[in-house]
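> what follows is a predicted structure for the sequence shown.
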Amino acid sequence: MRAAVIYGHVVSAGLVMLVAGASAALAQGGDVNVAVAGASSTVQRAAPVPRPSPKRGPSRKMRRAAHKLLRLGGGYLKWGAPRLGSAADVTYAFVRRHHVTRGARNCQAMVPLSGLLAASPSLSLAVLRRAAREAFAMWSAVAAIRFHEVQDVALANILIGAQARPRGTAFANVQFEPLGTQTRSRRDSTVRRRPGAVHRLTRSLVCLNPRQRWKVGFDGDLLSFDLRYTFAHEIGHAIGLDHPPARGQLMGYRYTEQFAGLQFGDVRGVVQLYGRPLLKRLRWR
């Protein structure tokens, strides 16, 4: 059940100069004779300043392509109640020792995040964990999903660590409990689930490659990766989001340093899964 792998992955200004006393005449069009200090000169009509077109929101086609929900086992995946738009409380923990999750396709074996420090000596374990916490906060700021850090990995819904067997850049793995309505074909024993079924997530894993170079912030070097951006992307998979068809989203397939926060499609997707935050719900009423 591979959730995902990221990275493979004017307004022109016009200058209008008006001579004192000529503004009214210029407004009428044509050339204007203006007397300046006893001399006669000709001031040509200034070219009209182009007006920027009114801002329009993304088209319906763009809105649909800007996000994509993770779909496995014939249904969407989310934490909490198996119903789109319902809130959820999710726990997470940092792996503190070698940890193996049997049956996981990605992040099966993980070690503590301190393993990333060998290739990125300018970082510290505190910085790594702070970047992860900030990434969780990005999602909870726009949707009704709250994250709580716990120390016991057995109590955590999402586990975060470094890869014990490094490959790629970063991965996520999801496990879920199928809860959709089942229908069995009379011709065979195939179990089919109704369209739009929602399955409850039971455990997600997020792991980073310790051999890659990691950093905090953007510097234009696309061969080293911003921790907060990467954590936010993989957490998006861990809570039920997939790579969208359209580019320009944090959940996009490739790493970019064109933006640091969630984009339109990212917000639209997580709100579809968990609804708006309680505070924003009250404001909308």
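That came in fine, so what should we check first?
> could you pull out the strands in the stretch 51-200 of the chain for me?
71-72, 75-78, 88-94, 99-100, 109-111, 145-149, 158-163, 170-177, 182-184, 191-193, 197-208 (DSSP state E, counting those that start in this stretch).
> how about those in a markdown table, adding distance to residue 232?
From N, CA and C alone the C-beta is placed, and that goes for glycine too. Putting the strands of the stretch 51-200 of the chain into a markdown table (distance: least, C-beta to C-beta, whole Å) gives the following:
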| stretch | distance to residue 232 |
| --- | --- |
| strand 71-72 | 21 |
| strand 75-78 | 17 |
| strand 88-94 | 13 |
| strand 99-100 | 22 |
| strand 109-111 | 19 |
| strand 145-149 | 12 |
| strand 158-163 | 12 |
| strand 170-177 | 11 |
| strand 182-184 | 35 |
| strand 191-193 | 30 |
| strand 197-208 | 10 |
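> mean pLDDT lowest for which of those strands?
Among these, strand 182-184 carries the lowest mean pLDDT, a mean of 42.
> nearest to residue 129, of the strands of the stretch 51-200 of the chain?
strand 88-94 (6.3 Å; C-beta to C-beta).
> give the buried residues for that closest one.
Residues of strand 88-94 classed as buried by neighbour count (16 or more other C-beta atoms under 10 Å): 88, 90, 92, 93, 94.
> try stretch 140-150
Within stretch 140-150, the residues scored as buried using 16+ other C-beta under 10 Å are 142, 143, 144, 145, 146, 147.
> for the nearest residue to the fifth one once chain neighbours are set aside, give me its contacts.
Leaving aside its sequence neighbours, residue 146 sits nearest to residue 89 (C-beta to C-beta, 6 or more residues apart in numbering; 5.0 Å). With C-beta atoms under 8 Å, 6 or more residues apart in numbering as the criterion, the residues that contact residue 89 are 79, 80, 145, 146, 148.
> rerun at 10 Å
79, 80, 144, 145, 146, 147, 148, 157 (C-beta atoms under 10 Å, 6 or more residues apart in numbering).
> can you map out the helices along the stretch 101-250 of the chain?
125-140, 227-238 (DSSP state H, counting those that start in this stretch).
> packing partners for the longest one?
Applying 3 or more C-beta pairs under 10 Å, 6 or more residues apart in numbering; DSSP states H and E, we find helix 125-140 packed against strand 88-94, strand 145-149, strand 158-163, strand 197-208, strand 213-215, helix 227-238, helix 264-274.
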